[in-house]
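Enquirer: I would like the atomic coordinates for the input below:
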Amino acid sequence: MKSIKKVVQNWLDSAQYDLETAEFMLKTRRYIYTVFMCHLCLEKGLKAKVEQITAKTPPKTHDLEYLVKLAGLLPSKERRTFIAEISNLSIVTRYPSDFRRLLKDFSLRRTATILRMTKEVFQWIRKSITR
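Expert: From the prediction side, this is the model:
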């Protein structure tokens, strides 16, 4: 088997760190940051895949749908819907127009679902990366 280039592994390690941070944020009820870290995890996972297939530094973008396309991945309908949703949520967690409302929008249940789906999508991305 082919080994993962150091830079690709670095992206994956950083993404895993962000995923673990999201889990801690959920436990401490910092739901906005949970969602933010979930997005960051997937962004870095996708950038690892882009780096692997292009051998070039991925673009500086937060658009997960664009990164999926660059990575040449074909997500299921459920994953594609989730990727679009969390990509859009990234904007409101970074630049909230109504912070109090945002706090109400992210319940424990909703945020836990986002974290669960993030884990699933991240595993799918990892499996696509040849070792």
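Enquirer: I'd assumed K49 was in contact with A71.
Expert: Yes: counting by Cβ atoms under 8 Å, A71 touches K49, with 4.0 Å between them. Every residue, glycine included, has its C-beta placed from N, CA and C.
Enquirer: what about T118, neighbour count?
Expert: 26 (other Cβ atoms under 10 Å).
Enquirer: The chain should start at 30 in everything you say after this.
Expert: Yes, from this point I'll number from 30; that puts the last item at T147.
Enquirer: Model confidence for it, exactly?
Expert: On pLDDT, T147 comes in at 98.
Enquirer: so it is in which element?
Expert: Assignment of secondary structure by DSSP states H and E places T147 within helix 137-157.
Enquirer: Run the chain-centre distance for that helix.
Expert: 8 Å (Cα atoms, centre = their mean, to the nearest Å).
Enquirer: packing partners for that helix?
Expert: helix 35-56, helix 60-83, helix 106-123 (3 or more Cβ pairs under 8 Å, 6 or more residues apart in numbering; DSSP states H and E).
Enquirer: ranking those by burial, who's on top?
Expert: Highest mean neighbour count among those (mean count of other Cβ atoms under 10 Å): helix 60-83, with a mean of 23.
Enquirer: In the protein, which residue is most central in space?
Expert: Among the residues of the chain, the one closest to the centroid is L71, at 1.8 Å (Cα atoms, centre = their mean).
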